[in-house]
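[1] fold the following.
(one chain, ligands or ions: 1)
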Amino acid sequence: MTDRQSQLEEFKRLAALEAVKHVKSGMTVGLGTGSTAKYAILEIGRLIQDGKLAEIIGVPTSQASEDLARSVGINVQELTAFGVDVAIDGADEIDPNLDLIKGHGGALVREKVVEFHARFFVVVADTSKLVPELCSKVTLPVEILAWGSRATVNTLAGLQNGAQVRLRTKEGQAVVSDNGNLIADMSFRFPVTDVREMDARIRHTPGVVDTGFFLGYANIAYVAGPGGVETFKR
Ligand code: A5P
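    Residues are numbered from 1 along each chain as shown. Next comes the predicted model:
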């Protein structure tokens with residue numbers, strides 16, 4: 001690992017440690033997915049092992065997070081009607097209103113369901129995720145049904161002149177989500193000036209399960225960089 005990579009890992013870890021301070025004994029906790037959320041899961045596990053947290057129930061947003069949570073001794077269950085007290089998750093872009101793009105780890109649909117039902121949603125990230133407006137740095141992940149996916153991709157590409165939509169692949173194989181669907185990554189040629197309108201248009205396209213826009217979900221973000229951990233509140 002280069003010095004820059006290990007510094008980035010440290011930023012992710014510091015942001016996650018700050019977020020875990022919101023977790024108290026007896027809570028049901030939404031466990032995010034990705035390289036930053038991972039540190040929150042590890043820290044919750046450590047606090048349980050040390051006897052500093054008790055009666056925690058984790059609600060994982062992916063199979064990978066479920067496996068990690070179990071490996072560090074967190075009891076897990078599927079989301080229930082109770083929702084979760086707090087959810088901790090990473091993001092791919094964070095704008096000044098704490099609107100987010102998520103899903104580069106492919107877990108956007110379960111993340112959205114869990115975080116919608118969170119009484120408090122904490123975002124953890126390093127400063128590279130901060131953007132003045134959404135869709136400025138990364139593609140927008142959209143989960144779509146595999147059936148008819150060529151037609152869905154074609155329709156999505158028509159939502160903005162010059163938009164490009166690519167089905168996500170890994171090592172030459174289509175990426176299949178935990179829900180058995182495909183992930184389409186959208187890039188826009190022109191700035192998306194009204195993300196709510198674009199989100200609605202994408203979600204109204206038949207075959208779309210959901211988008212990686214998380215608009216109005218986050219309550220607080222801990223963002224770590226060379227200057228320490230900064231707190232952003234909605
Ligand atoms: C997973 O599907 C994503 O939403 C992640 O939370 C997001 O991609 C951030 O991941 P990193 O913390 O690995 O950058």
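[2] would you mind listing what in the chain touches the ligand?
    32-37, 89-92, 102-108, 111 (C-beta under 6 Å from any ligand atom). To be clear about C-beta, it is placed using only N, CA and C from the backbone, and glycine gets the same treatment.
[3] how about a cut-off of 8 Å?
    Contacts of the chain with the ligand, taken as C-beta under 8 Å from any ligand atom, map to 12, 32-38, 61-62, 89-92, 102-108, 111, 124-125, 129, 141, 212.
[4] emit the ChimeraX select command for whichever of the residues you listed are buried.
    Buried residues within the residues of the chain next to the ligand, by 16 or more other C-beta atoms under 10 Å, are selected in ChimeraX with:
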select :12,32,33,34,36,37,38,61,62,89,90,91,92,102,103,104,105,106,107,108,111,124,125,129,141,212
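[5] name the SS class of the residue of the chain most remote from its centre, please.
    Going by C-alpha atoms, centre = their mean, the residue of the chain most distant from its centre is Gly51, 28.6 Å out. Here Gly51 is recorded as coil under DSSP: H, G, I helix; E, B strand; the rest coil.
[6] pLDDT score for it?
    On pLDDT, Gly51 comes in at 98.
[7] what do you get for the one 4 residues further on?
    The predicted structure scores Glu55 at 98 on the pLDDT scale.
[8] look up the closest residue to it, ignoring the ones flanking it.
    Nearest residue to Glu55, sequence neighbours excluded (C-beta to C-beta, 6 or more residues apart in numbering): Gly26, at 4.8 Å.
[9] spit out the contact partners of the most centrally placed residue in the chain.
    Geometric centre of the chain, nearest residue: Lys102, 4.3 Å, by C-alpha atoms, centre = their mean. Lys102 sits next to 89-92, 108, 111-112, 141, 212, 214 when contact means C-beta atoms under 8 Å, 6 or more residues apart in numbering.
[10] nearest to the ligand among those?
    Gly90 (3.0 Å; C-beta to the nearest ligand atom).
[11] shouldn't the closest one be in contact with Asp126?
    No: contact criterion C-beta atoms under 8 Å: Gly90 and Asp126 do not qualify, at 9.3 Å.
[12] now for those two: what residues contact both?
    With C-beta under 8 Å, 6+ apart, Gly90 and Asp126 have common neighbours 12, 36.
[13] give me the residues contacting the helix or strand containing Ala19.
    Taking DSSP states H and E as the criterion, the element that holds Ala19 is helix 3-20. With contact meaning C-beta under 8 Å, 6+ apart, helix 3-20 is reached by 1, 35-40, 42-44, 47, 88, 90, 122, 124-128, 222-225, 228-229, 231.
[14] please, a PyMOL command that selects the buried ones among the residues you listed?
    In PyMOL syntax, the buried subset of the contacts of helix 3-20 is picked out as below (16+ other C-beta under 10 Å):
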select buried, resi 36+37+38+39+40+42+43+44+47+88+90+122+124+125+126+222+223+224+225+229
